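[1] Structure for the following, please:
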Amino acid sequence: MAAELRSTFEGSTMVLTISNPEHRNALSPEMYAAGVEALNVAETNPDVRCVVLTGEGEVFCAGGNLQRLLGNRQKPPQVQAQSIEQLHSWVEAIRAFPKPIIAAVEGPAAGAGFSLALACDLIVAARNAVFVMAYSSVALSPDGGGSWSLSHLLPRQLVNELLMGGERIGAQRLHELGVVNRLCDAGQALGTAFEWSGKLAARAPNVMASIKELVGDAASRTLPEQLAAERDHFVKNLHHPNGGIGISAFLNKQTPRYE
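    All right, here's what the predicted structure looks like:
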């Protein structure tokens with residue numbers, strides 16, 4: 001069975017499934033390109049309010065295919081550089097996508113699989129899920145933004161433990177550290193993500209986009225710059241049709257239906 005990134009729909013949620021069960025859902029350049037394309041399509045589709053990224057079966061993603069990486073050692077370095085740039089284009093697309101993206105993680109999320117989960121806005125994980133930056137175990141260094149994401153989320157000493165030692169960390173510990181949002185029983189990650197995406201989809205999509213942009217830019221801004229951005233987004237959203245819908249519904253004790 002060929003490795004692929006499948007795109008399906010569950011109501012207003014687009015589901016992207018990493019499917020390469022023969023190799024524990026290892027990634028491929030074709031998946032990177034498909035991921036960017038799928039998000040480009042979803043961004044302009046008003047029927048898509050959320051995206052869920054998951055893996056087929058009981059594994060989220062084993063990261064890179066080591067056989068392919070070994071083969072790339074016999075090719076010019078630019079071959080691997082281009083492959084990583086494609087992965088990074090997908091990561092950047094996830095971060096820039098104006099709608100919520102939830103990672104639904106079952107089982108192992110290793111290497112670039114861990115990086116992809118970290119790139120998402122929210123993480124739902126089965127209690128038996130295991131996360132590992134396995135790069136140093138095969139004499140490689142991180143990619144996919146893993147070192148950036150972890151350094152923004154966790155203390156430096158813990159990041160070094162995970163990256164230098166290739167230490168495994170469970171979903172429970174990451175939940176306690178605030179990296180995993182919600183825990184669930186094994187086999188329930190996708191269903192839990194759907195339940196959450198349905199609730200997010202019922203909120204104003206322009207506000208979801210503003211929040212994602214504000215949070216994404218906050219770390220690189222001074223407080224005055226962030227305050228100015230918050231002002232501009234607030235005014236824009238107040239004068240958006242959904243602002244009137246939301247305020248009126250609240251005052252009239254009704255359920256809003258946003259555009």
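[2] ok, M133 - contacts?
    Counting by C-beta atoms under 8 Å, 6 or more residues apart in numbering, M133 makes contact with A110, G111, F114, S115, P142, G146, L150, L162, L163, G166. Placement of C-beta: from N, CA and C, glycine included.
[3] If we use 7 Å, what do you get?
    G111, F114, P142, G146, L162, L163, G166 (C-beta atoms under 7 Å, 6 or more residues apart in numbering).
[4] For those, pick the one with the most neighbours.
    F114 (29 neighbours; other C-beta atoms under 10 Å).
[5] Distance check, that residue against A129.
    10 Å (C-beta to C-beta, to the nearest Å).
[6] Could you do G146 as well?
    16 Å.
[7] what's the closest non-adjacent residue to R168?
    Nearest residue to R168, sequence neighbours excluded (C-beta to C-beta, 6 or more residues apart in numbering): V132, at 4.5 Å.
[8] I'd like the contacts of M133 as JSON lines, with secondary structure and distance to I18 appended.
    Formatted as JSON lines, the contacts of M133 follow (DSSP: H, G, I helix; E, B strand; the rest coil; distance: C-beta to C-beta, whole Å):
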{"residue": "G111", "secondary structure": "coil", "distance to I18": "13"}
{"residue": "F114", "secondary structure": "helix", "distance to I18": "13"}
{"residue": "P142", "secondary structure": "coil", "distance to I18": "19"}
{"residue": "G146", "secondary structure": "helix", "distance to I18": "16"}
{"residue": "L162", "secondary structure": "helix", "distance to I18": "21"}
{"residue": "L163", "secondary structure": "helix", "distance to I18": "22"}
{"residue": "G166", "secondary structure": "coil", "distance to I18": "21"}
